[in-house]
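>>> sequence unknown, structure follows:
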Ligand code: PMP
């Protein structure tokens, strides 16, 4: 039997584990921050028709620059953040925001360069960074999972990274960043600043998106995804907004025709039904706040959340609690600091199952 180590694999990949959030067939999957509401029958039908429409020309490559889809995404962002005034030239799309992040690192990272983030944060930031040959610097979040502007600035000034990751709302903590921190980091970073807004649609009213900072900051990139609030994780569609020059840089590294005709058609159809897809966001926000209140009433420590998941603890043996929940059909996530667990916000039925299972597991 050949093993990985028998192969002439890159030295820096030896001994690594692949990304592996468990994908298990369980009654209650609350581990990957998906939107629990599937598309309506009407949307399923519209998607079927859209795929049918492109099926007849699948012998041809798709639009390499995905202009129609980028226009739809720009229109959505302009509604999300009035005054953003984005055109399709300021929006770029790829197969999930993970691919967006990979393209950013291919263009702005690489050998001899560094990317800095504040952990605990999204685990793929350091993974994509190092796989791109870029060195990762962890500058740590504050004790309460926030990030004070002063400390963030000090870390950037010390390391002078080529790329900085700011995640707001942050995964796995749910914490939204103070706007002042984003502005302060932008003012001192010599390289690119990526604000990962995968969960932006769940943020509390009054928290502005970093999109508002784009006009004055050509080195700012704001990433978004259709995987979370948009309830389209299976479509694999992530996107970003940035200065058109940033997109010129990404065109140098993207693979030609990276977004299939089917992906573009499905994503455009979903965008056209955006009101329906985002219709569950208000209910999920309320369910999130109820969940936080319930966990606190039960005596748990809970991180403030502006997202569709909640980080709670602390458990001396979190693996035991996680396993006991799983034995009861409820899959949550063992992620973040050692004594904490993360649960995604689900339907009322899923939340009831979570509460019962947690009580039985303690
Ligand atoms: N950013 C953050 C903060 C995430 O939590 C995730 C998914 N868990 C992603 C990006 C990637 O999502 P996708 O590739 O599905 O767009």
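Done, it's in. These numbers come from a predicted model, not from an experiment.
>>> make it CA atoms for all contacts and neighbour counts henceforth
OK.
>>> What are the phi and psi values at the spatially closest residue to residue 134 that is not a sequence neighbour?
Among residues not flanking residue 134 along the chain, residue 110 sits closest, at 4.6 Å (Cα to Cα, 6 or more residues apart in numbering). The phi/psi pair for residue 110 (degrees, to the nearest 10) reads phi 110, psi -180.
>>> now residue 250
Taking degrees, to the nearest 10 as the convention, residue 250 sits at phi -70, psi -30.
>>> do residue 44 as well
According to degrees, to the nearest 10, residue 44 has phi -60, psi -40.
>>> Kindly report the same for residue 164.
Backbone torsions for residue 164, taken as degrees, to the nearest 10, come to phi -120, psi 130.
>>> Residue 112 now?
When quoted as degrees, to the nearest 10, the phi and psi of residue 112 stand at phi 80, psi 0.
>>> what residues are up against it?
Residue 112 sits next to 134, 135 when contact means Cα atoms under 8 Å, 6 or more residues apart in numbering.
>>> Tell me how far it lies from the ligand.
The spacing between residue 112 and the ligand, counted by Cα to the nearest ligand atom, to the nearest Å, is 25 Å.
>>> Report the residue ranges of every domain in this structure.
Taking automatic domain parsing as the criterion, the chain consists of the domains 23-39+279-361, 42-272.
>>> Quick one: closest of those domains to residue 8.
For the domains of the chain, the distance to residue 8 is smallest for domain 42-272, at 15.9 Å, taking Cα to Cα.
>>> I'd like to know how many residues surround residue 87.
Residues near residue 87, counting by other Cα atoms under 10 Å, number 17.
>>> Ignoring the adjacent residues along the chain, who's closest to it?
Ranked by Cα to Cα, 6+ apart and with sequence neighbours excluded, the top spatial neighbour of residue 87 is residue 74, at 5.8 Å.
>>> who does the host helix or strand of residue 355 touch, helix- and strand-wise?
In this structure, residue 355 sits in helix 348-361 according to DSSP states H and E. With contacts taken as 3 or more Cα pairs under 8 Å, 6 or more residues apart in numbering; DSSP states H and E, helix 348-361 sits against helix 318-327, strand 330-331.
>>> thinking again about what came up before, the residue nearest to residue 87 belongs to a strand?
No - under DSSP: H, G, I helix; E, B strand; the rest coil, residue 74 sits outside any strand and is assigned helix.
>>> circling back: hmm, who's touching the helix holding residue 355?
28, 287, 291, 321, 324, 325, 328, 330, 345.
>>> Repeat the analysis, applying 6 Å as the threshold.
321, 324, 325 (Cα atoms under 6 Å, 6 or more residues apart in numbering).
>>> Same check on stretch 14-23?
Where contact means Cα under 6 Å, 6+ apart, no residue beyond stretch 14-23 reaches it.
>>> one step back: now, which of the contacts of helix 348-361 sits nearest the ligand?
Comparing these against the ligand with Cα to the nearest ligand atom places residue 325 closest, at 21.0 Å.
>>> how many neighbours does the closest one have?
Residue 325: 24 surrounding residues under other Cα under 10 Å.
>>> where's residue 196 relative to residue 50, distance?
Using Cα to Cα, to the nearest Å, residue 196 is found at 30 Å from residue 50.
>>> right, and the helix or strand after the helix or strand of the chain with the lowest mean pLDDT?
With mean pLDDT, DSSP states H and E as the measure, the helix or strand of the chain carrying the lowest mean pLDDT is helix 274-277 (a mean of 93). Going down the chain from helix 274-277, the next helix or strand is helix 281-297, by DSSP H and E.
>>> Enumerate the positions of that next one that are buried.
Residues of helix 281-297 classed as buried: 281, 284, 285, 287, 288, 289, 291, 292, 295 (neighbour count, 16 or more other Cα atoms under 10 Å).
>>> what's next to stretch 280-297, contact-wise?
Residues from elsewhere that reach stretch 280-297 (Cα under 6 Å, 6+ apart): residue 345.
>>> Tell me where the chain has strands.
28-29, 91-94, 114-117, 135-138, 163-167, 192-196, 220-225, 238-242, 301-302, 309-313, 330-331, 340-344 (DSSP state E).
>>> Distance to residue 276, mean neighbour count and mean pLDDT for the ones you listed - can I get that in CSV?
What follows is the strands of the chain, written out as CSV (distance: least, Cα to Cα, whole Å; neighbours: other Cα atoms under 10 Å; pLDDT from 0 to 100):
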stretch, distance to residue 276, mean neighbour count, mean pLDDT
strand 28-29, 22, 22, 98
strand 91-94, 22, 26, 98
strand 114-117, 34, 25, 98
strand 135-138, 39, 18, 98
strand 163-167, 26, 25, 98
strand 192-196, 24, 24, 98
strand 220-225, 17, 26, 98
strand 238-242, 19, 25, 98
strand 301-302, 31, 19, 98
strand 309-313, 21, 24, 98
strand 330-331, 27, 26, 98
strand 340-344, 21, 25, 98
